[in-house]
Structure formats: structure tokens, C-alpha cells
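A.B. asks: No sequence on hand, only this structure:
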């Protein structure tokens with residue numbers, strides 16, 4: 001590899017990590033329930049969240065294919081620019097219409113970025129011959145992401161008390177800074193192709209086929225969708241309403257969630273540092289156990305019990321990105337990586353949309369506590385069999 005190319009790929013890796021704390025400025029986490037309740041009930045909020053997943057479904061695979069064909073860098077820049085505009089619109093949403101416009105701009109932009117950012121990061125490492133460092137470097141980025149998120153959460157409730165739109169405006173400015181840094185990335189040479197509709201179809205087909213190429217990858221895909229779907233539906237939607245239902249105000253949620261993320265980020269850093277000595281079998285089994293411990297006690301949740309429950313769910317959600325994503329990347333070729341990752345994200349989005357839309361009605365009538373217990377039962381009766389399947393297929397593959 002030429003020296004200039006190596007420097008470009010090395011810069012991509014550094015930029016990806018530097019961008020993470022900018023994306024982590026989630027000032028909105030402790031306040032979004034109060035923000036949306038200006039116009040919506042829990043049922044309305046659940047329908048809006050489900051609709052955002054519908055947008056993701058529409059754009060997820062096409063954006064992944066386009067990222068593989070026209071370049072991940074361009075797709076990332078387009079996506080983050082849309083997210084920035086969306087947050088600014090939400091920040092000045094004095095009516096439901098403006099809030100929805102901003103919200104769906106954010107959802108569409110996020111679908112464009114999904115898979116493309118991780119693909120350019122992994123393939124830059126691969127071009128450098130350093131793909132074995134993916135988990136450690138991804139964990140470093142996640143640590144920076146969560147550190148800035150903790151700082152943002154501490155102040156989110158305070159900014160909301162000054163002006164309801166400030167958390168959204170500040171979050172948008174963080175995304176704008178990330179977009180500017182993305183301009184300095186260089187597309188890894190190995191995957192870029194000239195766009196054509198035939199190429200689009202072929203890339204779509206090959207990306208999906210990549211996930212189904214063996215019994216193990218099929219089982220891994222099913223397992224991933226279940227674990228990611230349940231944990232993401234909580235991180236994305238149910239966690240904050242649960243804190244709200246047990247009596248925490250937006251300002252109190254700033255401190256509660258910031259404190260929880262301090263502990264869980266430290267725990268996750270320790271777990272990821274041991275990843276090389278942890279067998280995949282152990283990791284596969286640990287995920288559903290952690291989720292069940294965090295979800296099943298939902299009907300008994302109060303201000304005290306909710307803290308360890310949320311911590312366990314957040315650990316599982318973070319470990320999905322730091323550990324499970326590395327397992328899926330190992331099974332996907334570079335030429336199809338963005339498409340295959342987008343396909344997985346699409347399946348996760350479908351599952352999340354079903355969970356949120358159906359359980360949102362339960363939530364409105366019986367509270368978020370019951371929803372958590374129901375999610376725990378889903379892991380118990382569906383997630384455990386999926387875990388047994390993926391562990392068995394992994395063993396069969398290793399023995400063959």
C-alpha cells in the first residue's frame with residue numbers, strides 16, 4: 001500500500017473515533033418524553049416512533065446499497081446533514097407539524113448513515129491490515145461517545161428548563177460538527193463501483209445473500225435481530241418512559257441517566273477489554289441473561305429498582321455495538337459490508353417497530369412497567385431458543 005493511501009486510511013480511523021463524542025452529545029435523552037408529551041400521549045408517541053422505523057425500513061437497504069456503490073463518505077455526509085437540519089427544526093417546533101417534520105428528517109438521515117459509517121471504519125482498518133483491532137477501537141469510540149453523552153445528559157434537563165428546544169439545537173450542532181469532519185474522510189478504494197440500476201440490484205441481492213450463506217450466519221442473524229431489537233427498543237424508546245412512570249422529572253432524569261451511564265460505560269469498557277479471552281459461546285449466552293434480569297422485574301419497578309434494571313438493559317445495548325457487531329463483521333466480505341449491515345439494521349428496525357407499536361397501546365393503558373416484563377418474556381421464550389441455535393451452529397462450524 002502506498003504511503004499516501006495508508007495515511008488516508010489511518011486518518012479515516014482517527015476521524016471515526018473523533019466523531020463519536022460529537023454524536024454523543026445527546027442532550028435530549030432526559031427530556032424527550034416531556035418534549036413530545038406537549039402534543040402526544042404514549043400511544044401517539046409510540047406510533048411516531050414506529051413511523052420513524054418505517055422510514056428506516058424504506059431507506060435502510062437502498063442507502064446501504066448506495067453506500068457500497070457511490071461511496072460511504074458521500075452517504076454519511078448526506079445523512080448527517082439531514083439529521084442536523086431535523087434537530088434544528090425540532091428545536092423550534094412550536095406545533096406538532098414542525099415537530100414531526102424535524103423528527104422524520106432525523107430518522108431519514110439516520111437511515112442513510114446506518115451501516116455506512118461502520119463500514120468505512122472497518123474497511124479502513126482492513127486496508128491497513130488492522131481489522132483485528134476493530135472491537136478495541138470501536139470500544140474506544142463508544143467510550144468517548146458515552147462520556148460526552150454523560151456530560152450532555154447532566155445538562156439536558158437544565159437546558160430544557162431554559163427553553164424546551166435548546167437540547168435539540170445543541171444536539172444538532174454536534175451532528176453538524178461531525179458532518180464537517182466527515183468531509184476529510186477518504187473512501188476506501190476496495191469497494192467503490194460506478195452506479196447503475198443493475199449494479200444496485202446485484203449489490204442488494206449479494207448483500208442479503210451474505211447473511212444467509214451458512215447455517216451459522218443465518219442463526220447469527222436471527223439472534224442478532226432478537227437481542228438488538230429488544231435492547232434497542234428500550235434504549236430508543238421505553239427506558240425514559242419507564243423512568244417517567246416511576247416518578248422521575250426531566251431534571252432528575254438528567255442525573256439518574258448520567259449516573260447510570262457512568263457505571264455502565266465503565267463496566268462495558270472492562271467487558272470489552274476481556275473480549276479476546278471471552279469465548280463467543282459465553283457472550284451469546286450472557287446477552288439474554290442480562291436482558292432478562294433487566295426486563296422481567298418490570299412490574300415491580302419503583303424509583304430504586306428501576307436503576308439496576310435500566311443499567312442492565314443499557315449494558316446489553318452497548319455490548320451489542322461493541323461486541324456483537326464485530327461478530328457480524330467477521331462474517332461479511334468488504335464488497336457487501338454496508339449492504340449487509342443495512343439489511344441487519346432493517347430487520348432490527350422492523351422488529352422494533354412491531355414491539356413499539358403493539359406495546360405502546362399496552363403502555364398507555366397499563367404503564368411501561370408491564371411492557372418491560374413482556375419484553376423479558378419475549379427474551380425468555382424466543383431469545384433463549386435462538387441462543388441455543390446460534391451456539392449449536394457455531395459449534396458445528398468450528399468442528400467442520
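C.D. replies: Perfect, I can see it now. The shown structure was predicted, so the numbers you read here are calculated from the model rather than taken from an experiment.
A.B. asks: Low-confidence stretches in the stretch 101-250 of the chain?
C.D. replies: 189-204 (pLDDT under 70).
A.B. asks: if you set the cut-off to 90 instead, what comes out?
C.D. replies: Along the stretch 101-250 of the chain, the model assigns pLDDT under 90 to residues 107-108, 110-144, 146-147, 185-214, 236, 250.
A.B. asks: Same question for the stretch 301-400 of the chain.
C.D. replies: 318-350, 353, 397-400.
A.B. asks: which residues in it form helices?
C.D. replies: Under the criterion DSSP state H, counting those that start in this stretch, helices of the stretch 301-400 of the chain are mapped to 306-319, 325-330, 337-366, 368-378, 384-399.
A.B. asks: export the ones you listed to a markdown table and tack on distance to residue 110?
C.D. replies: In short, each C-beta sits where N, CA and C put it, glycine included. Shown next, in a markdown table, are the helices of the stretch 301-400 of the chain (distance: least, Cβ to Cβ, whole Å):
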| stretch | distance to residue 110 |
| --- | --- |
| helix 306-319 | 16 |
| helix 325-330 | 16 |
| helix 337-366 | 10 |
| helix 368-378 | 23 |
| helix 384-399 | 26 |
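A.B. asks: I'd like to know which of these is closest to residue 71.
C.D. replies: Across those, residue 71 has its closest neighbour in helix 337-366 (9.8 Å, Cβ to Cβ).
A.B. asks: Show me which positions of that closest one end up buried.
C.D. replies: Neighbour counts using 16 or more other Cβ atoms under 10 Å place 337-353, 355-357, 359-360, 362-363 of helix 337-366 among the buried residues.
A.B. asks: do the same with stretch 296-307
C.D. replies: 296-298, 301, 306-307.
A.B. asks: From start to finish, how long is it in a straight line?
C.D. replies: The first and final residues of stretch 296-307 sit 14 Å from each other (Cα to Cα, to the nearest Å).
A.B. asks: What lies in contact with that stretch?
C.D. replies: For stretch 296-307, contacts defined as Cβ atoms under 8 Å, 6 or more residues apart in numbering pick out 242-243, 245-248, 256, 260, 309, 368-377, 380.
A.B. asks: so how far is the helix or strand hosting residue 258 from its chain's centroid?
C.D. replies: Assigned by DSSP states H and E, residue 258 falls within helix 250-273. With Cα atoms, centre = their mean, to the nearest Å as the basis, helix 250-273 stands 16 Å off its chain's centre.
A.B. asks: Report the buried residues of it.
C.D. replies: Buried-residue list, helix 250-273, by 16+ other Cβ under 10 Å: 250-251, 253-254, 256-258, 260-261, 264-265, 267-269, 271-272.
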